[in-house]
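Peer 1: I need the structure of the sequence given here:
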Amino acid sequence: MTGWHSGVNAVSGDFSVGVDGLMIRDGQLAEPVREVTVASTLQRMLLDISAVGADVEWLPGGTGCPTIVIADLSLSGA
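Peer 2: Okay, the predicted model is just below:
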């Protein structure tokens, strides 16, 4: 997800940000997605996390995050 610095309302939790990654269909990795938008609330997204991977990708500045699966998320532009 990109654009967290400008795409999130810190009071309500509403967000609309760009994403890229891989679709998961029937439990298998599927086609890549790029330049799509996801909009929801932080609360709903966190409640819908169904799996957390053991892999952690470290980014410059010391930020790291594992792969996560969000069970029910709508994309636009896909």
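
Peer 1: For the lengthiest helix in the chain, buried residues please.
Peer 2: When the chain is parsed with DSSP state H, its longest helix is helix 42-47. In terms of neighbour count (16 or more other CB atoms under 10 Å), helix 42-47 has its buried residues at residue 45. Using the backbone N, CA and C atoms, a C-beta is placed for each residue, glycine as well.

Peer 1: Name the residues that touch it?
Peer 2: Outside helix 42-47, the residues within contact range by CB atoms under 8 Å, 6 or more residues apart in numbering are 8, 13, 15, 70, 73.

Peer 1: Quick one: mean pLDDT for that helix?
Peer 2: In this model, helix 42-47 carries a mean pLDDT of 92.

Peer 1: Kindly report the same for stretch 56-68.
Peer 2: 87.

Peer 1: Use 2 as the first number for this chain going forward.
Peer 2: Yep, numbering from 2; the last one is stretch 57-69 now.

Peer 1: rewinding a little: what's the first helix or strand after the longest helix of the chain?
Peer 2: strand 50-60 (DSSP states H and E).

Peer 1: Thank you kindly, that will do.
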